[in-house]
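1. Sequence first, then the predicted structure, then my questions.
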Amino acid sequence: MTVTIELETVTLRKILSHLKRFVHMDSQVEPMKHFRLTVDSQTDTLNIRSSNDITHCSYNIPIVSYGRNKEDAIIIAPVTLESFARKFSSPQVKLSINSDKNKIEIKGGTTKSSMTCISGVFPSMSTEIAIAQLTMSASDLLSISQKVIDTYSEDSGKAFVQAIYIEVASNTVTTATLDGFSMSALFNFPMAHADKDFTMLLHASEFKKLLPIFSDLDTDEVIVKYHPDLVIIESGDFSCSMKSVDARYPDFRKQIPSQAEALVTINTKDFNSAVTATDSVDGMCQLDVYEDESGTYVLKVSASNTEQSYETLVDLQTHQGTEIGCVFSAKLLRKLLNRANGLGYDTVDCMFTQVGTTYILTFHPSTDKAFISLLMPVAEQTDRQKLSLDGN
């Protein structure tokens, strides 16, 4: 039996592009390398799903019209369906699904492609009963995620370093990521509603794949359903379940210094450009805040190796405290500054706190004190160059 349905081309392309991120091409389970397509004749939708070991994602696409038969159909189609869909320029495409012969045909205008599908059991989405639920806007969820999502590490053997921490308390959200040498955190972001306080620890690399989806949802409301083993995210025709990280997250609040030897305000773009230039020289950058001959405090950003050297002065908009000098990873500092610059923050307030003979750098955008970044210095091989973390 062949079921033919007609869909909006743009919608199909967009959804396949989003879901392709969660296809596990290296999986030993063959269906995980594919999409699962289900025609639901009762709701007049085509459900498309993709899965990996951690995340299951699903979209419902409205069916514009049927061919001769209005019946249910299920097929496991290759991931190349996404690349085929990008070739069609017609406003609508027709999918002919033959689940008996495991074949699918896609046609739009004068262009037609067909492909062989596979049989097998596709991983099912989790159906755990949520013990807590929060409702917030997709734009807010995207905003808080963008601020912290990159400061994690997939190279560490500690599970919490690979996670994003999300704490829901008193109808606010606090979130953080850390990699052992740097940290990003956003505190007490107001949200719409939560029926209970809870904390979730999710795989940062998988959660990051959801950000383009959050920016492209048809409705702005997102519902997050919490269970200790997993989280379910729903919005309109999109749904996703993601396993939690089984680990204890360290008390990252204790890492943030309360005092400083020097406080400065710097133009974010200028600071970022200066640090970026040093990365190609040595991978390390020296930061020196000092008083020049005219009595003005400046920031010198420098780097050198056996073959070349680089230094530049960056104007300080404000300065309080003493002169300082310390060395940081140019790559990690650039990543933190690049994110603040990309999010449109014009200036950052930087705090240098002495630890031994060197300094920890903590900064936040001048207009957003709740968004904090922290970077440990590159010291002689001592424990001071790493965050003091107690987790697993």
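-> Yes, it's here. Residues are numbered from 1 along each chain as shown.
2. Tell me where the model's unsure across this structure.
-> Along the chain, segments meeting pLDDT under 70 span 379-392.
3. so what are the domain limits for it?
-> Residue ranges for the domains of the chain, per automatic domain parsing: 2-116, 132-252, 256-385.
4. Tabulate the ones you listed (TSV), appending distance to Ser126 and mean neighbour count.
-> For every residue, glycine as well, the C-beta is placed using N, CA and C. Listed next are these as TSV, based on distance: least, C-beta to C-beta, whole Å; neighbours: other C-beta atoms under 10 Å:
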stretch	distance to Ser126	mean neighbour count
domain 2-116	7	18
domain 132-252	5	18
domain 256-385	32	17
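5. will you turn the ones you listed into CSV that also has distance to Met125?
-> Converted to CSV, the domains of the chain look like this (distance: least, C-beta to C-beta, whole Å):
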stretch, distance to Met125
domain 2-116, 4
domain 132-252, 5
domain 256-385, 32
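6. tell me the phi and psi of the residue nearest to the spatial centre of the chain?
-> When C-alpha atoms, centre = their mean is applied to the chain, the residue found nearest the centroid is Lys208 (2.4 Å). Backbone torsions of Lys208, given as degrees, to the nearest 10, read phi -60, psi -30.
7. For the stretch 51-200 of the chain, just list every one of the helices.
-> Taking DSSP state H, counting those that start in this stretch, the helices of the stretch 51-200 of the chain run over residues 80-85, 138-148.
8. Show me the one of those that comes nearest Leu263.
-> Nearest of the helices of the stretch 51-200 of the chain to Leu263, taken as C-beta to C-beta: helix 138-148 at 21.7 Å.
9. Can you spell out which helices and strands pack onto that closest one?
-> Other elements packing on helix 138-148 under the criterion 3 or more C-beta pairs under 8 Å, 6 or more residues apart in numbering; DSSP states H and E are strand 172-178, strand 182-190, helix 211-214, strand 221-227.
10. before we move on, back to that, can I get the helices of the stretch 51-200 of the chain in a markdown table with distance to Val231?
-> Listed next are these as a markdown table, based on distance: least, C-beta to C-beta, whole Å:
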| stretch | distance to Val231 |
| --- | --- |
| helix 80-85 | 26 |
| helix 138-148 | 12 |
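11. Identify whichever of the helices and strands packed on helix 138-148 lies nearest to Thr38.
-> Taking the helices and strands packed on helix 138-148 one by one with C-beta to C-beta, helix 211-214 is closest: 19.6 Å.
12. what sits up against the closest one?
-> 18, 21, 57, 138-139, 141-142, 145-146, 149, 222, 238, 240 (C-beta atoms under 8 Å, 6 or more residues apart in numbering).
13. can we see that at 6 Å?
-> His18, Ala138, Leu141, Leu142, Ser145 (C-beta atoms under 6 Å, 6 or more residues apart in numbering).
14. for the longest strand anywhere in the chain, the distance to its chain's centre please.
-> For the chain, the longest strand by residue count, based on DSSP state E, is strand 309-321. When C-alpha coordinates are averaged (C-alpha atoms, centre = their mean, to the nearest Å), strand 309-321 and its chain have centres 32 Å apart.
15. Then stretch 70-83?
-> 28 Å.
16. export it as CSV, just CAs?
-> Taking Å, rounded to 0.1, in the frame of the first residue of the first chain, the C-alpha atoms of stretch 70-83 are listed here in CSV:
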residue,chain,number,x,y,z
LYS,A,70,-5.8,8.5,3.5
GLU,A,71,-4.2,5.9,5.8
ASP,A,72,-1.5,5.6,8.4
ALA,A,73,2.0,4.7,7.3
ILE,A,74,5.4,4.2,9.0
ILE,A,75,8.8,4.1,7.3
ILE,A,76,12.4,4.4,8.4
ALA,A,77,14.0,6.7,5.8
PRO,A,78,17.7,7.4,5.3
VAL,A,79,19.2,10.6,6.5
THR,A,80,19.9,11.5,2.8
LEU,A,81,16.2,12.5,2.7
GLU,A,82,17.4,15.8,4.2
SER,A,83,19.8,16.5,1.3
